[in-house]
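[1] Let me see the structure of the following:
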Amino acid sequence: MVNNAVAIIPARYGSTRLSGKPLLDINGKPMIVRVWEVVKKVLPTYVATDDLRIAEAIEREGGNTILTSVDCQNGTARVAEAFANINIDAKIVLNIQGDEPMVSEKDINILLRLMQNDRVKIGTLVTSILEEDEASESNCFVDRTDDGKCHDFRRRIENFSFNKYRHVGMYGFMSSILEELTSLKPTAREKNEGLEQLRWIENKYEIYSSVIETPGIGVDTSEDLKKVRKKLDRN
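    Purely as a prediction, here's the structure:
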């Protein structure tokens, strides 16, 4: 395990597209438990949630939870609030999404290695774009240079200047800037695209990325849930 890092999994019950998403059953286990089981093998891990049912599901398995406000605007705000209430001295905070039940230890370690670079204050992961990715309304695409710097994030692949990738929703933050990021006001592009990372870029924060080969499936819809269940059943 890395001594100077902690992982926080934000999980809220009231998903707009899939209600109660963290507790949905995936082949005998709640989705949030599946995510936590992988992440805790790599780092000290906390689940940050506004719902007692989610907290109880993790605590029954022996995990650590932090109850956060129902008013958190996004996952980063929930992670920042949780970190402020954890008695742990960590230089790096990873935000691992609670709706990524196929997250791998390998990918988490790739993100950790990225965050060990002194120039990186915000890190994330990207992957190659498949044909079906372009048709999905829930995907986010990244305009990225070869040095890993992310220059733009968009819902559609249009007018990209550099190299196009699909974004994988995991972040690393230097803990020293978390409070700064959450104090920024939402921007017009962020609201239009529904992408909080645009707020950081438009406020001159640099985001760097590493490329991974075969990311898991994020669960945003009932169709995503069916795909994950089928894939995990085969494994």
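[2] For the rest of this, base every contact and every neighbour count on C-alpha atoms.
    Fine.
[3] where exactly do the helices run in the protein?
    Under the criterion DSSP state H, the chain contains helices at 31-39, 52-59, 75-84, 105-115, 178-183, 188-193, 197-202, 222-234.
[4] between these, which gets nearest to residue 213?
    Residue 213 lies closest, by C-alpha to C-alpha, to one member of the helices of the chain: helix 105-115, at 9.1 Å.
[5] Show me where the protein dips below the pLDDT cut-off.
    1-2, 15-18, 215-217, 219-222, 225, 228, 234-235 (pLDDT under 70).
[6] which residues in it form strands?
    Ranges of strands in the chain, per DSSP state E, are 5-11, 25-26, 29-30, 45-49, 64-67, 92-96, 122-127, 141-144, 149-154, 163-174, 207-211.
[7] now the ones you listed in CSV, with mean neighbour count and distance to residue 75?
    Shown next, in CSV, are the strands of the chain (neighbours: other C-alpha atoms under 10 Å; distance: least, C-alpha to C-alpha, whole Å):
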stretch, mean neighbour count, distance to residue 75
strand 5-11, 27, 6
strand 25-26, 17, 22
strand 29-30, 15, 19
strand 45-49, 26, 9
strand 64-67, 20, 13
strand 92-96, 24, 8
strand 122-127, 24, 14
strand 141-144, 24, 19
strand 149-154, 20, 17
strand 163-174, 21, 10
strand 207-211, 23, 17
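[8] right, and the helices of the chain - which one's nearest residue 214?
    helix 105-115 (9.2 Å).
[9] and the angle for that closest one with strand 5-11?
    Computed by axes from the mean of the first three to the mean of the last three C-alpha atoms, to 10 degrees, the angle separating helix 105-115 from strand 5-11 equals 120 degrees.
[10] Run the chain-centre distance for stretch 154-171.
    Centroid separation for stretch 154-171 versus its chain: 16 Å, with C-alpha atoms, centre = their mean, to the nearest Å.
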